[in-house]
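**Q** A predicted structure for the sequence below; I have some questions about it.
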Amino acid sequence: VRMAHIPINLSDQSIHIHAQRPLAFEMVSALGVGGGAPQSSNAGSTPSIKVLATNGDRQLVEFHTPLKAGPWQMNWKTTEWVAVKHPTSIDFELLPSSGVLAGGLRQLTDRLEFVVQGNCTELTYKSRFGIRWSIGGWLVGKILVAPIIKSHMLEHLEDLKVKIENRARRSRIYPQLACVEDEDV
């Protein structure tokens, strides 16, 4: 008998990026999916990526993500369906598997949303997860797992901001413009 999980919604994390949305979206979608070759980076929070299959508008992707849990650093392997909805969002849906971390994780649904702010972008990271073992899993999730995922979300957003803004400074197609917003908003 499989025990149900109780989903935990983390608070949304947003960051302002001084770059046009098309550039921000192109860079993040290129980092997240695309090609068939593994991509890697020496940046602390950037996963290495390998596309395993394509099914319509989704790709099955294997991620190797560096995670920090207090003083420990680990590499977390996940397999996720990734759906790119140009130019507004990218959705990630975990395929539950085995292993120390992924074995108890029954649900991990992440979304990156890209919102135009004048000539700039607001990037929002949304995450929902669930751990098997019902109430016990919910407690473990709230106390131990949620802070790790939230910390990863914040690190990942900061890393993306730096990469995208650095690229925007050099871009001829999507140059870095003043972040002007309409007063009507």
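**A** Looks like it came in fine.
**Q** check the chain for its longest helix and report it.
**A** Taking DSSP state H as the criterion, the chain has its longest helix at helix 146-170.
**Q** so which elements touch that one?
**A** Here helix 146-170 touches strand 13-17, helix 21-32, strand 58-69, strand 120-131, going by 3 or more C-beta pairs under 8 Å, 6 or more residues apart in numbering; DSSP states H and E. All C-beta spots, glycine's among them, are computed from the backbone N, C-alpha and C.
**Q** now the first one: buried residues?
**A** This means strand 13-17. Gln13, Ile15, Ile17 (16 or more other C-beta atoms under 10 Å).
**Q** hey, what's the first one bridged with?
**A** Each beta-bridge partner of Gln13 is listed here, defined by DSSP bridges: Tyr125.
**Q** that one and Phe63: what is the separation?
**A** The gap separating Gln13 from Phe63 is 19 Å, by C-beta to C-beta, to the nearest Å.
**Q** so what are the sheet partners of the lowest-mean-pLDDT helix or strand in the chain and their directions?
**A** Ranked by mean pLDDT, DSSP states H and E, the weakest helix or strand in the chain is strand 58-69, scoring a mean of 83. According to DSSP bridges, strand 58-69 forms sheet pairs with strand 48-55 (antiparallel), strand 72-85 (antiparallel).
**Q** any idea of the mean pLDDT in the shortest one?
**A** Per-residue confidence for strand 48-55 averages out to 90 on the pLDDT scale.
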